[in-house]
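S.K.: okay, predicted coordinates and the sequence, questions at the end:
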Amino acid sequence: MPPDSAPAPAAPHHLVGYWKRRCASFFRWLHIYVSMVSFGILFFFAVTGLTLNHADWFFGDQPTASRQQGKLNAKWVAPGDAASVAKLEVVEHLRRTHGVKGFVGEFRIEDEKCSVVFKGPGYAAEATLDRATGTYELSETRMGFVAIINDLHKGRDTGAGWSLVVDLSAVLMVAVSLSGMVLIYFVKRRFVSGLVMAALGALFSFLAYAWLVP
């Protein structure tokens, strides 16, 4: 009887072609869905890049300032040791009574006065308190919508949570860029021209910096 015929081993180039197709499919999926997931945040940073670079294009976004006066429990700021000042109660009173926003940027304690500084995107407030009487004066400055989104773009006075969003958006930009570069490898007719265009873009950026930045 003729010997049993064993199946022929798969040709190496068949395996290579299989894995190439799998890789191309994976990076195509990654590029499409990361682009879609990150569309909103990337669009936001693109638009705010323009508002930052051309602030003079946007009109009617003038800051508004206001001043208010009030009085809180004098025991919270009574003259004496700085450790005896009830910082939390003071801050919460200002937030509750006057709708103060932002993070506490500074709480200064002096012999006769205390001052609390609040900071947020497009927003600043400062309260000056008399330690003997508990009376205070609060000044607020609101910069408007464009200033808010510009500060969000820069991550200024936005807190650790928004800082994480900025970092995540940077990671998404890197993922979109790199997955696009990998995809061009699988498009044989466009591979060389794609690399040339990428190199030209990088060269243009360097030359723009070298020629235009003092």
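M.R.: The structure has been received and is ready for your questions.

S.K.: alpha carbons only for contacts and neighbour counts from here, please
M.R.: OK.

S.K.: endpoints of stretch 71-83, how far apart?
M.R.: This stretch, stretch 71-83, spans 21 Å end to end (Cα to Cα, to the nearest Å).

S.K.: how far is that stretch from where the chain is centred?
M.R.: 38 Å (Cα atoms, centre = their mean, to the nearest Å).

S.K.: what sits up against it?
M.R.: 84-87, 89-90, 93, 109-112, 114, 130-136 (Cα atoms under 8 Å, 6 or more residues apart in numbering).

S.K.: buried members of the residues you listed into PyMOL, please.
M.R.: Applying 16 or more other Cα atoms under 10 Å to the contacts of stretch 71-83 leaves a buried subset, and the PyMOL line that selects it is:
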select buried, resi 85+87+90+93+109+114+130+131+133+134+135+136
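
S.K.: now, which of the contacts of stretch 71-83 lie within helices?
M.R.: In this view, those that belong to helices under DSSP state H are Lys87, Glu89, Val90, His93.

S.K.: could you dump the residues you listed to JSON lines with distance to Lys119 and pLDDT?
M.R.: Putting the ones in helices among the contacts of stretch 71-83 into JSON lines (distance: Cα to Cα, whole Å; pLDDT from 0 to 100) gives the following:
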{"residue": "Lys87", "distance to Lys119": "16", "pLDDT": "94"}
{"residue": "Glu89", "distance to Lys119": "18", "pLDDT": "95"}
{"residue": "Val90", "distance to Lys119": "16", "pLDDT": "95"}
{"residue": "His93", "distance to Lys119": "17", "pLDDT": "96"}
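
S.K.: which strands and helices sit next to the host helix or strand of Leu200?
M.R.: Assessed by DSSP states H and E, Leu200 sits inside helix 188-212. Helix 188-212 is packed against helix 159-185, with contacts defined by 3 or more Cα pairs under 8 Å, 6 or more residues apart in numbering; DSSP states H and E.

S.K.: buried ones in the helix it packs on?
M.R.: Applying a neighbour-count criterion of 16+ other Cα under 10 Å, one finds 163, 166, 169, 172-173, 175-176, 179-184 buried in helix 159-185.

S.K.: just stretch 64-77 next, same as before
M.R.: In terms of neighbour count (16+ other Cα under 10 Å), stretch 64-77 has its buried residues at Leu72, Ala74, Trp76, Val77.

S.K.: which one of those residues is nearest Phe44?
M.R.: For these, the residue nearest Phe44 by Cα to Cα is Leu72; the value is 41.2 Å.
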